[in-house]
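Visitor: predicted model and sequence follow; I will ask about them next.
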Amino acid sequence: MPHRGASLAYHPFPLLGLSGGIAAGKSFVASTLQAMGWVLIDADALAREVVAVGSDGLVEVTRAFGPSSLGPDGTLDRVWMAACVFADDAARARLNRILHPRIEARLEARLGGLPPETRGAILDAALWVERGRAHHFDAFWVVDAPEALRLERLMARDGLTRAAALGRLRAQATASERALHADLVIPNDGRDLSVLLARAEAALLADWKVRRTRTWRPDMPAPFSASELRLVLADLLSHGGDYGEVYVERRRAHALGMEDGRMEDVLASETFGASLRLIEGETTRFADLIAPTLEELCESARTLAAPGNGPAAAIPTLVAQRFPTPSPVVQDPVQVPLTDKVALVRRAESIARDRAEALRPGALRQVSVGYGDSTQRVWIAAAECEVGVWSGRITEDHRTQVVLRANVTAGDDTQLQTGYQPLGETRGFELFTDEAVTGMVHEAVRLAIQALDAQPAPAGTFPVVLSSSAGGTMIHEACGHGLEADLALAGMSSFAGKLGQQVAAEGVTIIDDGTLPHKRGSQAIDDEGNPVSRVVLIENGVLKAYLQSRKTARKMDTEPTGNGRRESYRHLPIPRMRNTFLAAGSEPPEAILRDLDRGLLVKHMGGGQVDTVTGNFVFQVTEGYWVENGVALYPVKNATLSGCGPEVLKGLTRIGNDLHHFDIGTCGKDGQGVPVSDALPTILCPALVVGGTAEPLPSVI
């Protein structure tokens, strides 16, 4: 069976992805590693090679963009490209479709020409994160330096004004975003890096083979062979159609629940099922089957095909496409004994009781601890007709989720208050270290105990500082859903029809990224077999893209973004968020709080409601503080926030540099729930309606 998409996995030496912001000092780190014996491959130089004079890449670019793309000497006119292509998202995507396959081929040729005994290869590029490729290597290192130092270097190196240099810095991913992808962040601020690099290199050389087997998982035994799935697709498309798909899923899940020291729930489940989807024009036909045989799949395929009256598709041999996971697993929870999971829950419950007694003796009323894990394997076979030519592929993914939740109730003579905290990622059982479990449980206890001393929140319209610890609930609910293409197409989004328009304040950038390592919404492929990607939805206030499934992408004449997700084989894929966040700004968070004369500081958000058509929202505040003159005076309780998501985005003027905390959850839409996470840096919302039970205060807006 032809295989594609896993070439980097087969080289007999480690591959190090190296990136960093402009003028951060990547070249210095690369040269240091070269002196240790590593081979440097500059991916940005390869991009220049593929459009050299006389290359087929330059011919193709000229054919696509016309002779105006060339300078007087016949070379690619980069000034023209910057003005006419990079400023146009559609044109930039067209250019990428021309260049990226050629760059990949040249990269593969360079790697293939290296001797097997090569110590290692450095793949240096500024935009690995932006291209969604940071998880493709045996390790990914990021070089960083303070912005002031980078500005100084860039102005001196390229003769730029401060404004021009700052503009180039801000055009790339932020340092905090790159750090989310990095196995190592190298602080190139003038310090001696020799010891740090020597230790990091030694660790990489010792571990890369194990890491690679986890990142590029070997093909798994499938319930049906590729040839059998091709037969099903042939039956499915035997009476016409544009697209046919077989989705096969196996899932194992475990759940434990303890309440007040008693194990209340011990659940285990295993499911196996498949679904068929046929798209013909605007019509979609769908069927799902529990534990089907091959004959049952073929029979269901023929039933779905029967209403059609077109010609039978000529399904070619399915090409296997393999993609790396951004979430390598060390300890598969399927292999962990039940006794170890029970012990984990008991340990968390005991930690909660000890901590509560230490903080406020006698205040604890109840402790509930829940554990869950899910191991899902999917195989997706699809055939599609484009320009009269049929193609076929098969992709697969192995997804692991684990979560531990603590819910603590504390009380006194007059009230009960709760504190909730989860710990969950796309990892294995190795997530639950003593430090991580203790920290999570202590936080749940702290929230419950502190709430006993909280005062009723005031009511009114005030400035609100949302801390980075609050998570991105507002971005997810009040903005993110409106950026899903199906809602935009249906006119049920406040962002419908606004591509290319200013929809938020300058400096506001919102990203959805399925490649973030170990985040709850990350996976190798979406539920249509497309590789995950990083999607810039809003860039510096301008609406750039929607989250696309295959179906919505066809309607909008664009490419799928890897956001076609489904809860299980019983559901159709629809555009869904994965890990959605507001990109970091440049301000220290403490400076934003210091300048708040009077208002609310929110450190944890709860649930709420949102109208995606208008963007109007109401959210609960689970940890908040009343602030005067930049000082948090006292915690508040029973507070809500309400406002309009798009209006909040337009009013953001201060954005912190502290993006690091992602809230986790299960997002519901159209009767389906999928795992997601969201985040934002510390931000100032100049005017939100604060709902509280205290006497109203005069609004300061």
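Guide: Sure thing, it's come through.
Visitor: and stretch 499-508, which residues are buried?
Guide: Neighbour counts over stretch 499-508 (16 or more other Cβ atoms under 10 Å) mark 499, 503-505, 508 as buried. Any C-beta I mention is one placed from the backbone N, CA and C, and that applies to glycine too.
Visitor: need the contact list for residue 468.
Guide: Contact analysis of residue 468 by Cβ atoms under 8 Å, 6 or more residues apart in numbering lists 589, 656, 658-661, 679-682.
Visitor: please redo it, this time with the cut-off set to 10 Å
Guide: Taking Cβ atoms under 10 Å, 6 or more residues apart in numbering, we find residue 468 in contact with 176, 582, 584, 589, 603, 656-662, 679-683.
Visitor: mind listing which of these are in helices?
Guide: 176, 589 (DSSP state H).
Visitor: which residues in the stretch 251-400 of the chain form strands?
Guide: Remark: strands assigned in the stretch 251-400 of the chain by DSSP state E, counting those that start in this stretch are 262-280, 283-290, 319-321, 364-386, 389-411.
Visitor: quick one on the thing from earlier: show me how to select, in PyMOL, the buried members of the contacts of residue 468.
Guide: Command for PyMOL that selects the buried part of those, burial taken from 16+ other Cβ under 10 Å:
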select buried, resi 176+582+584+589+603+656+657+658+659+661+662+679+680+681+682+683
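Visitor: in strands, which of the contacts of residue 468 fall?
Guide: The strands, defined by DSSP state E, take in 582, 603, 679, 683 from these.
Visitor: sorry, back to before: which of the buried residues of stretch 499-508 sit farthest apart?
Guide: 499 and 505 (18.0 Å; Cβ to Cβ).
Visitor: show me the contacts for residue 118.
Guide: Residue 118 touches 11-14, 37-39, 111, counting by Cβ under 10 Å, 6+ apart.
Visitor: and the pLDDT at it?
Guide: Looking at residue 118, its pLDDT reads 97.
Visitor: what of residue 72?
Guide: Looking at residue 72, its pLDDT reads 89.
Visitor: before we move on, the earlier item: now, of the contacts of residue 118, which are buried?
Guide: Here, 16+ other Cβ under 10 Å leaves 11, 13-14, 38-39, 111 buried among the contacts of residue 118.
Visitor: that older thread, of the contacts of residue 118, which belong to helices?
Guide: Those of those lying in helices (DSSP H): residue 111.
Visitor: so can I have TSV of the contacts of residue 118 showing pLDDT and distance to residue 336?
Guide: Below are the contacts of residue 118 laid out as TSV (pLDDT from 0 to 100; distance: Cβ to Cβ, whole Å):
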residue	pLDDT	distance to residue 336
11	94	33
12	95	33
13	97	33
14	97	29
37	96	40
38	98	37
39	97	40
111	95	37
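Visitor: now, which of the contacts of residue 118 lie within strands?
Guide: residue 39.
Visitor: how about stretch 586-604, which residues are buried there?
Guide: Counting neighbours by 16+ other Cβ under 10 Å, one finds that the buried residues in stretch 586-604 are 586-587, 589, 592-593, 596, 598-604.
Visitor: sorry, that was for stretch 406-413
Guide: 406-411.
Visitor: format those as TSV; extra columns: pLDDT.
Guide: Putting the buried residues of stretch 406-413 into TSV (pLDDT from 0 to 100) gives the following:
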residue	pLDDT
406	98
407	97
408	98
409	97
410	97
411	96
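Visitor: for those residues, which one is nearest residue 551?
Guide: Residue 551 lies nearest to residue 407 out of these, by Cβ to Cβ, at 38.9 Å.
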